[in-house]
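> Quick one: sequence plus predicted model below, questions after.
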Amino acid sequence: MILKTDRLILRPWEDSDAPELFLYAKDPAIGPIAGWPPHKSVEESRQIIRQVFSAPETYAVVLKETGKPIGSIGLLLGSNCTIALPDEACELGFWIGVPYWGQGLIPEASRELIRHAFTTLGMREVWCTANLENANSLRVQEKLGFTFDHDIPQYYSELMNEIVSLRANRLLRADWENMRQEH
């Protein structure tokens, strides 16, 4: 599936995206705060595309003007979620390369993926978790209408092999529909 916004294309990752993925995913300002170690090579990025980014509902965030991926966004379903969720709920996850921070691109991509979750996939709730130290992600979630549900003070991050503190926020379909009517 391919989704589009004013400035972005959300499309499946391809092996040929590995150099662009590595360009941003090697940055230590991105991975660790999002719960994964920085990539060490283009080949590692290619393996991540094949093994992780091949999951259903996982998309490359591609700038329309360049045709190149600058981040990733996806909906985690079922047992892939950070927290246990019912079948009619999913978890939104995202990151974007540092040069693109502060341009509203992830909120733009997220709004489209949330729309997709509620209207196409029939979800009743979309959840989003973030490391409590990840102020940027928490701010994006707030802008999107997510509200606080609970903190997880001792979450074991398997990829980072460390204990972190997470915040779990959620957006109910009814609240999303109300927000859309207000705009």
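Perfect, thanks for sending it.
> Now do the closest residue to residue 8 other than its chain neighbours against residue 74, distance only.
Once flanking residues are discounted, residue 8 sits nearest to residue 109: 5.4 Å by C-beta to C-beta, 6 or more residues apart in numbering. Heads up, the C-betas are built off the backbone N, CA and C, glycines and all. For residue 109, the distance to residue 74 equals 10 Å [C-beta to C-beta, to the nearest Å].
> Could you check which of the two is surrounded by more residues?
With neighbours defined as other C-beta atoms under 10 Å, residue 109 and residue 74 compare such that residue 109 has more, 26 against 23.
> The more buried one looks like it's in a helix, true?
Yes. With DSSP: H, G, I helix; E, B strand; the rest coil as the criterion, residue 109 is part of a helix.
> I'd say it and residue 73 touch.
Yes. Counting by C-beta atoms under 8 Å, residue 73 is a contact partner of residue 109 at 5.0 Å.
> And the next helix or strand past the strand or helix carrying residue 152?
Take DSSP states H and E as the rule and residue 152 turns out to sit in strand 147-157. As assigned by DSSP H and E, the chain's next helix or strand after strand 147-157 is strand 162-172.
> what angle separates the next helix or strand after that following strand from strand 147-157?
Counting by DSSP H and E, the next helix or strand C-terminal to strand 162-172 is helix 173-182. Note on geometry: by axes from the mean of the first three to the mean of the last three C-alpha atoms, to 10 degrees, helix 173-182 and strand 147-157 are set 130 degrees apart in direction.
> the helices in this structure, which residues?
Remark: helices assigned in the chain by DSSP state H are 18-25, 31-34, 42-51, 105-119, 135-143, 173-182.
> I'd like to check the angle between the longest one and helix 173-182, please.
Read that as helix 105-119. Using the same axes, to 10 degrees: helix 105-119 against helix 173-182 is 120 degrees.
> ok, back up a step: I'd like the mean pLDDT over the strand holding residue 152, please.
Mean per-residue pLDDT for strand 147-157: 91.
> Please apply the same query to stretch 63-74.
Rounded mean pLDDT across stretch 63-74 is 97.
> ok, back up a step: what touches both of residue 109 and residue 74?
Shared between the contact lists of residue 109 and residue 74 (criterion: C-beta atoms under 8 Å, 6 or more residues apart in numbering) are residues 59, 94.
> shaky segments in the protein?
Low-confidence segments of the chain (pLDDT under 70): 183.
> In contact with the residue nearest to residue 8: list those residues for me.
Contacts of residue 109 by C-beta under 8 Å, 6+ apart are 5, 8, 10, 59, 61, 71, 73, 94.
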